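**Q** Build me a model from this:
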Amino acid sequence: MRVYIPATIALLRQLVDEQQLLPLGATAFAVTPALREAYAAGDDEELAEVAMQEAARASMRLIAAERDEPDDLDDDAAGATAPGGPVYRRAVIAADVPGAKLRPDLDDAVVKLAGAVTFKQVAAVHVDLAEAEPQVAKAVDVIDAADLGDTDAEFVLGDAEDHQLAWYAPQELPFLLELL
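**A** Numbers count the residues shown, from 1 in each chain. This is a model prediction of the structure:
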């Protein structure tokens with residue numbers, strides 16, 4: 001099953017260094033039967049984009065956690081963030097994994113992974129470009145308010161989500177991280 005795993009730049013560094021990553025709560029997003037049912041129209045590619053967008057939104061929550069609790073990161077990951085806080089770029093890992101379990105109790109696209117994702121299972125990595133950083137930083141501050149229906153916060157979140165994530169092949173990831 002192709003899954004979309006929310007990540008941060010620090011987590012991408014961990015994936016490269018350790019050649020595997022266990023996502024927080026083993027949570028990922030995918031094109032599930034519940035997601036197909038929720039959309040009256042849309043092919044697999046369009047539904048995959050929906051699942052990836054959900055993972056990108058979850059990435060902002062991970063960025064917020066890095067910002068708010070930098071002491072919880074291990075020494076290697078803490079060194080991966082910019083001084084004074086995280087890198088404000090959403091990141092999503094697309095991987096092909098067996099054994100993902102559906103979690104419709106959480107949301108239509110949520111799945112729980114059976115274990116760590118290895119670097120060999122990674123099909124692609126999607127990361128914001130530099131110009132998205134100001135909007136992502138603002139969205140990280142208001143994502144909870146947006147989820148609770150605050151229209152101003154939804155507008156700020158929409159500005160961040162208007163940025164398309166850039167696609168990188170797995171073998172390009174170490175070079176991308178070197179440039180950040």
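**Q** drop to CA atoms for contacts and neighbour counts, all remaining ones
**A** Fine.
**Q** So R61 is in contact with V140, correct?
**A** Yes: the criterion here is C-alpha atoms under 8 Å, and R61 meets it with V140 at 6.8 Å.
**Q** Quick check: neighbours shared by these two?
**A** Residues within reach of R61 and of V140 at once, by C-alpha atoms under 8 Å, 6 or more residues apart in numbering: there are none.
**Q** need the longest helix for the protein.
**A** Here the longest helix in the chain is taken by residue count, with DSSP state H as the criterion, and it is helix 44-68.
**Q** elements contacting it?
**A** In terms of contacts (3 or more C-alpha pairs under 8 Å, 6 or more residues apart in numbering; DSSP states H and E), helix 44-68 is packed against strand 2-7, strand 27-30, strand 91-96, helix 133-147.
**Q** what about D96, how many neighbours?
**A** One way to gauge burial is a neighbour count; for D96, by other C-alpha atoms under 10 Å, it gives 17.
**Q** Tell me where the model's unsure across the chain.
**A** Per-residue confidence for the chain (pLDDT under 70) gives these ranges: 70-84.
**Q** thinking again about what came up before, let me have the helices and strands packed on helix 44-68 in TSV, extended by distance to E172.
**A** Shown next, in TSV, are those (distance: least, C-alpha to C-alpha, whole Å):
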stretch	distance to E172
strand 2-7	16
strand 27-30	22
strand 91-96	13
helix 133-147	21
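**Q** So for A124, which of these sits nearest?
**A** With C-alpha to C-alpha as the measure, strand 91-96 is the member of the helices and strands packed on helix 44-68 nearest A124 (5.2 Å).
**Q** And the contacts of that closest one?
**A** Outside strand 91-96, the residues within contact range by C-alpha under 8 Å, 6+ apart are 1-9, 52, 55-56, 59, 117, 121-128, 165.
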